[in-house]
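Peer 1: Provided below for reference: sequence and predicted model.
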Amino acid sequence: MAKRKRKRNPNLIKAKHSYTLAEIAELYKIHPRTAQSWHRTGLNAIDETTRPYLFIGAEIRRFLKEKAQNRKHPLKEGEFFCVKCQEPRRSLNNKLTIEITNKRLGKTYRQAFIRGICEICKQPLRLFSSDRKVQELARAGLIIKEHRTLLIGNGDSSLNTDL
């Protein structure tokens, strides 16, 4: 079973309407217990003494935006986000490679993929960037080697046909 996205669109909620937990769960296609856990972790009801709990749309939007902001990890110069560690990490020395593609980013810059290896868990790290960022990393003193894509093979055809 595929993992569900954690990203919830706050714009699905109308700011001046009120919602019950069941309506929130139905709108975001989540389990009602998830909506209840949101209430326990900071989603404030209009009146905590009456049931069913009612939530104003502006409060739900605030809660979802705050939740999304808390998941962000700002990266410093030369850092990657390691998916396994779930933390910003640096790459091992001499293991940083750059692949600059011919795709354009705006009028002046080209697309670049910066790859490294996590210093803690040894997982591959990837960062989508531009050739401008690559130049900044080189000036900062990070050791960089450019990756060249080459096709290696023999001249034989790879087609499976009867000759």
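Peer 2: Noted; the coordinates are in hand.
Peer 1: and the residue most central in space within the chain, how far is that from residue 93?
Peer 2: The centroid of the chain falls nearest to residue 72 when counting by CA atoms, centre = their mean (8.3 Å). Note on residue 72: its distance to residue 93, by CB to CB, to the nearest Å, is 27 Å. C-beta: built from backbone N, CA, C; applies to glycine.
Peer 1: Which residue is the nearest non-sequential neighbour of residue 27?
Peer 2: residue 12 (5.8 Å; CB to CB, 6 or more residues apart in numbering).
Peer 1: let me fix that: residue 63
Peer 2: Using CB to CB, 6+ apart, the nearest residue to residue 63 is residue 43, at 4.6 Å.
Peer 1: doesn't residue 59 make contact with that neighbour?
Peer 2: Yes - using CB atoms under 8 Å, residue 43 makes contact with residue 59 at a distance of 6.8 Å.
Peer 1: With neighbour numbers in mind, choose between those two.
Peer 2: Just comparing residue 43 and residue 59: by other CB atoms under 10 Å the higher neighbour count belongs to residue 43, 21 against 18.
Peer 1: Quick one, grab the pLDDT at that one.
Peer 2: Note on residue 43: pLDDT of 94.
Peer 1: and if you look at residue 139?
Peer 2: Value for residue 139, per-residue pLDDT: 75.
Peer 1: count of neighbours near it?
Peer 2: Using other CB under 10 Å: residue 139 sits among 8 other residues.
Peer 1: list the contacts for it?
Peer 2: Under the criterion of CB atoms under 8 Å, 6 or more residues apart in numbering, residue 139 has no contact partners.
Peer 1: Also residue 9?
Peer 2: Taking CB under 8 Å, 6+ apart, one finds nothing in contact with residue 9.
Peer 1: start to end distance for stretch 8-25?
Peer 2: 11 Å (CA to CA, to the nearest Å).
Peer 1: average model confidence for it?
Peer 2: Per-residue scores along stretch 8-25 average to 92.
Peer 1: Also stretch 56-66?
Peer 2: On average, the pLDDT along stretch 56-66 is 94.
Peer 1: ok so, going back, can you report phi and psi for the residue nearest to residue 63?
Peer 2: Dihedral pair for residue 43: phi -80, psi 110, per degrees, to the nearest 10.
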